[in-house]
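Just the structure for this:
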Amino acid sequence: MKITRRRTRRPDPLASATAVNRVLDSLAASLPDLIPRSRKELRAMLEAVRHLYARPTVDAKRGRPSRFPREHLLKVDSALRLILSRETSLSVRSFTGQYLPILDFPRDVREALEGGRINLFEAHQLARLTARHLNTSETDARAQRRRLLDSHLRAQESGAGLRSRVRQLLGEVIEPTATETEVAAVMKADELLEVDPLDSTHLFYEELRRIGRALREIEPEQLTEEDLEALMPALDELSGVLYQIEQRRVQQLKKIKL
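Down below sits the predicted model:
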(Lines give C-alpha, C1' and ligand atoms only; values in the text may rest on other atoms or scores of the structure.)
Protein backbone atom coordinates (compact mmCIF):
# COMPACT_ATOMS: atom_id res chain seq x y z
CA MET A 1 0.00 0.00 0.00
CA LYS A 2 1.28 3.42 -0.89
CA ILE A 3 1.82 5.75 2.06
CA THR A 4 1.06 9.41 1.48
CA ARG A 5 3.34 11.74 3.38
CA ARG A 6 2.80 15.25 4.65
CA ARG A 7 3.43 18.05 2.18
CA THR A 8 5.66 21.00 2.94
CA ARG A 9 3.66 24.21 2.59
CA ARG A 10 4.29 27.90 2.97
CA PRO A 11 3.35 29.41 6.36
CA ASP A 12 -0.26 30.55 6.49
CA PRO A 13 -0.37 34.09 7.94
CA LEU A 14 -4.09 33.86 8.69
CA ALA A 15 -4.00 30.52 10.51
CA SER A 16 -4.10 31.88 14.07
CA ALA A 17 -6.68 33.27 16.45
CA THR A 18 -4.77 36.57 16.53
CA ALA A 19 -4.88 36.94 12.75
CA VAL A 20 -8.59 36.07 12.58
CA ASN A 21 -9.40 38.57 15.31
CA ARG A 22 -7.37 41.20 13.46
CA VAL A 23 -9.56 40.71 10.39
CA LEU A 24 -12.70 40.97 12.53
CA ASP A 25 -11.38 44.16 14.15
CA SER A 26 -10.70 45.67 10.71
CA LEU A 27 -14.20 44.73 9.61
CA ALA A 28 -15.73 46.35 12.68
CA ALA A 29 -13.70 49.51 12.10
CA SER A 30 -14.80 49.73 8.45
CA LEU A 31 -18.53 49.32 9.26
CA PRO A 32 -18.98 50.55 12.84
CA ASP A 33 -22.74 51.09 12.45
CA LEU A 34 -23.41 47.61 11.07
CA ILE A 35 -21.03 45.25 12.83
CA PRO A 36 -22.36 43.89 16.17
CA ARG A 37 -20.19 44.54 19.19
CA SER A 38 -20.67 41.00 20.42
CA ARG A 39 -18.25 38.55 18.81
CA LYS A 40 -20.98 35.91 18.95
CA GLU A 41 -23.38 38.13 17.02
CA LEU A 42 -20.68 39.09 14.53
CA ARG A 43 -19.88 35.45 13.82
CA ALA A 44 -23.58 34.72 13.33
CA MET A 45 -23.69 37.59 10.83
CA LEU A 46 -20.66 36.23 8.97
CA GLU A 47 -22.29 32.81 8.74
CA ALA A 48 -25.27 34.54 7.11
CA VAL A 49 -22.87 36.31 4.73
CA ARG A 50 -21.23 32.97 3.94
CA HIS A 51 -24.52 31.60 2.62
CA LEU A 52 -25.69 34.89 1.16
CA TYR A 53 -25.57 33.80 -2.47
CA ALA A 54 -27.13 30.42 -1.77
CA ARG A 55 -30.43 32.14 -0.98
CA PRO A 56 -32.96 33.72 -3.33
CA THR A 57 -32.51 37.44 -3.98
CA VAL A 58 -36.12 38.06 -2.95
CA ASP A 59 -37.00 36.85 0.51
CA ALA A 60 -39.70 34.24 0.58
CA LYS A 61 -42.91 35.14 2.41
CA ARG A 62 -42.96 31.78 4.10
CA GLY A 63 -40.42 30.41 6.53
CA ARG A 64 -38.28 32.02 9.19
CA PRO A 65 -37.32 35.63 8.37
CA SER A 66 -33.64 36.46 7.92
CA ARG A 67 -31.86 37.50 11.11
CA PHE A 68 -29.96 40.24 9.26
CA PRO A 69 -31.21 42.49 6.41
CA ARG A 70 -29.84 41.39 3.06
CA GLU A 71 -28.58 44.88 2.23
CA HIS A 72 -26.50 44.81 5.43
CA LEU A 73 -25.06 41.41 4.56
CA LEU A 74 -24.08 42.66 1.10
CA LYS A 75 -22.19 45.58 2.64
CA VAL A 76 -20.40 43.27 5.07
CA ASP A 77 -19.56 40.89 2.25
CA SER A 78 -18.06 43.73 0.18
CA ALA A 79 -16.04 45.14 3.09
CA LEU A 80 -14.69 41.71 4.09
CA ARG A 81 -13.69 40.95 0.50
CA LEU A 82 -11.68 44.16 0.43
CA ILE A 83 -9.95 43.41 3.74
CA LEU A 84 -9.03 39.86 2.69
CA SER A 85 -7.74 40.98 -0.72
CA ARG A 86 -5.09 43.18 0.92
CA GLU A 87 -3.09 40.22 2.21
CA THR A 88 -4.55 37.01 0.78
CA SER A 89 -6.46 35.50 -2.13
CA LEU A 90 -9.08 34.08 0.26
CA SER A 91 -12.76 34.37 -0.49
CA VAL A 92 -15.33 35.35 2.14
CA ARG A 93 -16.68 31.78 2.16
CA SER A 94 -13.20 30.33 2.78
CA PHE A 95 -12.49 32.77 5.59
CA THR A 96 -15.78 32.18 7.39
CA GLY A 97 -15.86 28.45 6.73
CA GLN A 98 -12.19 27.58 7.35
CA TYR A 99 -10.56 30.34 9.40
CA LEU A 100 -13.32 31.70 11.63
CA PRO A 101 -13.71 28.29 13.40
CA ILE A 102 -10.12 28.65 14.67
CA LEU A 103 -11.57 30.79 17.46
CA ASP A 104 -13.50 27.71 18.67
CA PHE A 105 -10.62 25.24 18.44
CA PRO A 106 -9.47 23.68 21.72
CA ARG A 107 -6.46 25.52 23.10
CA ASP A 108 -4.07 22.63 22.47
CA VAL A 109 -5.13 22.46 18.82
CA ARG A 110 -4.69 26.22 18.37
CA GLU A 111 -1.22 26.03 19.90
CA ALA A 112 -0.19 23.22 17.53
CA LEU A 113 -1.54 25.16 14.56
CA GLU A 114 0.02 28.49 15.52
CA GLY A 115 3.30 26.76 16.33
CA GLY A 116 3.48 25.36 12.81
CA ARG A 117 3.29 21.72 13.86
CA ILE A 118 0.12 21.14 11.81
CA ASN A 119 -1.67 22.96 9.03
CA LEU A 120 -5.22 24.30 9.08
CA PHE A 121 -6.78 21.19 7.55
CA GLU A 122 -5.15 18.97 10.18
CA ALA A 123 -6.23 21.37 12.94
CA HIS A 124 -9.84 21.10 11.75
CA GLN A 125 -9.62 17.32 12.03
CA LEU A 126 -8.14 17.31 15.53
CA ALA A 127 -10.63 19.94 16.70
CA ARG A 128 -13.45 17.49 15.98
CA LEU A 129 -12.25 15.29 18.84
CA THR A 130 -14.18 17.10 21.56
CA ALA A 131 -15.48 15.69 24.82
CA ARG A 132 -19.03 15.83 23.47
CA HIS A 133 -18.22 14.00 20.24
CA LEU A 134 -16.13 11.39 22.05
CA ASN A 135 -18.63 11.09 24.91
CA THR A 136 -15.89 11.52 27.49
CA SER A 137 -14.38 14.13 29.79
CA GLU A 138 -12.45 17.21 28.65
CA THR A 139 -9.28 15.72 30.14
CA ASP A 140 -9.68 12.44 28.25
CA ALA A 141 -10.51 14.25 25.01
CA ARG A 142 -7.40 16.39 25.32
CA ALA A 143 -5.29 13.29 26.00
CA GLN A 144 -6.70 11.54 22.92
CA ARG A 145 -5.91 14.57 20.76
CA ARG A 146 -2.36 14.68 22.13
CA ARG A 147 -1.76 10.99 21.48
CA LEU A 148 -3.14 11.21 17.96
CA LEU A 149 -1.13 14.35 17.18
CA ASP A 150 2.12 12.83 18.45
CA SER A 151 1.52 9.65 16.45
CA HIS A 152 0.58 11.66 13.35
CA LEU A 153 3.76 13.75 13.50
CA ARG A 154 6.03 10.77 14.20
CA ALA A 155 4.63 8.91 11.19
CA GLN A 156 4.74 12.06 9.02
CA GLU A 157 1.29 11.19 7.72
CA SER A 158 -0.72 13.26 5.29
CA GLY A 159 -3.74 15.29 6.34
CA ALA A 160 -5.93 12.68 4.67
CA GLY A 161 -4.43 10.01 6.90
CA LEU A 162 -5.21 12.07 9.99
CA ARG A 163 -8.78 12.64 8.82
CA SER A 164 -9.26 8.90 8.36
CA ARG A 165 -8.04 8.19 11.90
CA VAL A 166 -10.30 10.89 13.35
CA ARG A 167 -13.29 9.45 11.52
CA GLN A 168 -12.50 6.01 12.94
CA LEU A 169 -12.31 7.39 16.49
CA LEU A 170 -15.69 9.07 16.01
CA GLY A 171 -17.22 5.93 14.52
CA GLU A 172 -18.15 7.65 11.27
CA VAL A 173 -18.89 5.98 7.98
CA ILE A 174 -15.87 6.12 5.69
CA GLU A 175 -16.40 8.15 2.53
CA PRO A 176 -16.34 6.33 -0.82
CA THR A 177 -13.00 6.07 -2.59
CA ALA A 178 -12.23 8.05 -5.72
CA THR A 179 -12.76 4.89 -7.79
CA GLU A 180 -16.17 4.26 -6.21
CA THR A 181 -17.13 7.89 -6.85
CA GLU A 182 -16.12 7.61 -10.50
CA VAL A 183 -18.00 4.34 -10.98
CA ALA A 184 -21.18 5.81 -9.47
CA ALA A 185 -20.87 8.90 -11.67
CA VAL A 186 -20.40 6.78 -14.82
CA MET A 187 -23.46 4.67 -14.02
CA LYS A 188 -25.68 7.71 -13.44
CA ALA A 189 -24.43 9.45 -16.59
CA ASP A 190 -25.07 6.31 -18.68
CA GLU A 191 -28.57 5.91 -17.22
CA LEU A 192 -29.46 9.52 -18.04
CA LEU A 193 -28.14 9.22 -21.58
CA GLU A 194 -30.15 6.07 -22.13
CA VAL A 195 -33.36 7.69 -20.88
CA ASP A 196 -32.90 11.00 -22.71
CA PRO A 197 -29.76 11.74 -24.78
CA LEU A 198 -30.73 15.44 -24.89
CA ASP A 199 -30.81 15.81 -21.09
CA SER A 200 -27.65 17.72 -20.20
CA THR A 201 -27.84 16.57 -16.56
CA HIS A 202 -25.50 13.75 -17.51
CA LEU A 203 -22.74 16.36 -18.01
CA PHE A 204 -22.76 16.99 -14.25
CA TYR A 205 -21.96 13.35 -13.59
CA GLU A 206 -19.38 13.31 -16.40
CA GLU A 207 -17.55 16.12 -14.59
CA LEU A 208 -17.79 14.21 -11.31
CA ARG A 209 -16.24 11.28 -13.13
CA ARG A 210 -13.33 13.48 -14.18
CA ILE A 211 -12.93 14.73 -10.60
CA GLY A 212 -12.91 11.16 -9.32
CA ARG A 213 -10.22 10.24 -11.83
CA ALA A 214 -8.18 13.30 -10.80
CA LEU A 215 -8.45 12.34 -7.13
CA ARG A 216 -7.09 8.92 -8.00
CA GLU A 217 -4.31 9.94 -10.37
CA ILE A 218 -3.02 13.38 -9.29
CA GLU A 219 -0.57 13.20 -6.41
CA PRO A 220 -0.51 15.95 -3.75
CA GLU A 221 3.09 16.87 -4.59
CA GLN A 222 2.02 17.58 -8.17
CA LEU A 223 -0.25 20.42 -7.04
CA THR A 224 1.53 23.76 -6.94
CA GLU A 225 0.48 26.74 -4.84
CA GLU A 226 -0.55 28.40 -8.11
CA ASP A 227 -2.81 25.43 -8.92
CA LEU A 228 -4.47 25.70 -5.51
CA GLU A 229 -4.96 29.46 -5.82
CA ALA A 230 -6.64 28.92 -9.19
CA LEU A 231 -8.78 26.02 -7.96
CA MET A 232 -10.02 27.38 -4.64
CA PRO A 233 -12.31 30.16 -6.01
CA ALA A 234 -13.94 27.64 -8.38
CA LEU A 235 -14.34 25.12 -5.56
CA ASP A 236 -15.78 27.85 -3.37
CA GLU A 237 -18.41 28.63 -5.98
CA LEU A 238 -19.15 24.95 -6.51
CA SER A 239 -19.50 24.50 -2.74
CA GLY A 240 -22.08 27.29 -2.63
CA VAL A 241 -24.20 25.71 -5.37
CA LEU A 242 -23.98 22.26 -3.76
CA TYR A 243 -25.00 23.76 -0.41
CA GLN A 244 -28.08 25.23 -2.07
CA ILE A 245 -28.97 21.87 -3.61
CA GLU A 246 -28.45 20.08 -0.28
CA GLN A 247 -30.67 22.57 1.55
CA ARG A 248 -33.41 22.11 -1.06
CA ARG A 249 -33.11 18.33 -0.68
CA VAL A 250 -33.41 18.61 3.12
CA GLN A 251 -36.56 20.73 2.77
CA GLN A 252 -38.07 18.21 0.34
CA LEU A 253 -37.38 15.35 2.76
CA LYS A 254 -39.03 17.31 5.58
CA LYS A 255 -42.15 17.79 3.46
CA ILE A 256 -42.30 14.07 2.71
CA LYS A 257 -42.12 13.22 6.43
CA LEU A 258 -44.95 15.63 7.33
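
so what's Ala155 closest to, chain neighbours aside?
Gly161 (7.7 Å; C-beta to C-beta, 6 or more residues apart in numbering). Quick note: C-beta positions are derived from backbone N, CA and C, even for glycine.

The one you found reaches Ser151, doesn't it?
No - using C-beta atoms under 8 Å, Gly161 is not in contact with Ser151; the gap is 10.3 Å.

what about the closest residue to Leu169 other than its chain neighbours, distance to Ala155?
Once flanking residues are discounted, Leu169 sits nearest to Leu129: 6.5 Å by C-beta to C-beta, 6+ apart. Separation of Leu129 from Ala155 (C-beta to C-beta, to the nearest Å): 17 Å.

more neighbours, Gly161 and Ser151?
Gly161 (18 against 12; other C-beta atoms under 10 Å).

Please state the offset of the helix or strand hosting the more buried one from the chain centre?
Assessed by DSSP states H and E, Gly161 sits inside helix 159-169. In terms of C-alpha atoms, centre = their mean, to the nearest Å, the centre of helix 159-169 is set 16 Å apart from its chain centre.

for that helix, packing partners?
helix 120-127, helix 138-155 (3 or more C-beta pairs under 8 Å, 6 or more residues apart in numbering; DSSP states H and E).

Would you mark the buried spots in the last one?
Within helix 138-155, the residues that qualify as buried are Ala141, Arg142, Gln144, Arg145, Leu148, Leu149, His152, counting by 16 or more other C-beta atoms under 10 Å.

gap between Ala44 and Ile218?
Relative to Ile218, Ala44 is positioned 38 Å away (C-beta to C-beta).

whoops, I mixed them up, Leu103
Where Ile218 is concerned, Leu103 sits at a distance of 33 Å (C-beta to C-beta).

With Phe68 instead?
From Phe68 to Ile218 the distance is 40 Å (C-beta to C-beta).

So which of the two has more stuff around it?
Neighbour count, other C-beta under 10 Å: between Phe68 and Ile218, Phe68 has more, with 18 against 12.

picking up where we left off before, could I get the helices and strands packed on helix 159-169 as CSV with distance to Ile256?
Formatted as CSV, the helices and strands packed on helix 159-169 follow (distance: least, C-beta to C-beta, whole Å):
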stretch, distance to Ile256
helix 120-127, 33
helix 138-155, 37
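
what's the distance between the residue nearest to His51 when sequence neighbours are not counted and Glu237?
Spatial nearest neighbour of His51, chain neighbours left out: Tyr243 (6.7 Å); criterion: C-beta to C-beta, 6+ apart. Separation of Tyr243 from Glu237 (C-beta to C-beta): 11 Å.

Ok, Leu149 next?
33 Å.

One more: Ala112?
31 Å.
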